[in-house]
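In: just a sequence and a predicted model for now, questions to come.
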Amino acid sequence: MIILDTHIWIWWAGENSELTEEYANLIRSTQADGIGVSSISCWEIALLHSKQRLFLNQPVLQWLETSLSLPNIQLLPLSPRIAVESNNLPDEFHKDPADRIIVATARVYDCPLLTYDSKILEYEHVKLVT
């Protein structure tokens, strides 16, 4: 399984041109093994939509339900272990709670994370899809 950062999930589910062909092919090639999405990504999408920083082609709840029904998508809940891990990440990591939870989710599940986020890409304590 790979875990998608929020922006990657938005772009992939929406077939957005911002997702490179390389990343789209990577997601398709690993789809049979499962694609994980942190539950915090649902919150982050709803927040961005409510602040009109994200525009969707349908109501946000419908978009989330449709995007979570794509083949082999697994919604990964915020477990107590992930909550604790997000506050005990090794070394320095920035304070954004959604990013901390997504990174902690990847660490707890021991799965690579697919992201364009430079702060996450520079963090050496999370597996990344390469």
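Out: Noted; the coordinates are in hand. Numbers count the residues shown, from 1 in each chain.
In: hey, let's count contacts and neighbours off CA atoms from now on
Out: Noted.
In: which residues of the protein fall in strands?
Out: 2-4, 35-38, 73-76, 113-114 (DSSP state E).
In: now those strands as a markdown table including mean neighbour count, distance to N25 and mean pLDDT?
Out: Output for the strands of the chain, formatted as a markdown table (neighbours: other Cα atoms under 10 Å; distance: least, Cα to Cα, whole Å; pLDDT from 0 to 100):
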| stretch | mean neighbour count | distance to N25 | mean pLDDT |
| --- | --- | --- | --- |
| strand 2-4 | 26 | 13 | 98 |
| strand 35-38 | 24 | 13 | 98 |
| strand 73-76 | 18 | 16 | 97 |
| strand 113-114 | 25 | 12 | 98 |
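In: out of those, nearest to T20?
Out: strand 113-114 (12.0 Å; Cα to Cα).
In: contacts only, for the residue of the chain most remote from its centre.
Out: Here the chain reaches farthest from its C-alpha mean at D91, the gap being 21.5 Å by Cα atoms, centre = their mean. Contacts for D91 (Cα atoms under 8 Å, 6 or more residues apart in numbering) come out as none.
In: who's in contact with V126?
Out: 103, 106-107, 112-113 are the contacts of V126 under Cα under 8 Å, 6+ apart.
In: this completes my enquiry, with thanks.
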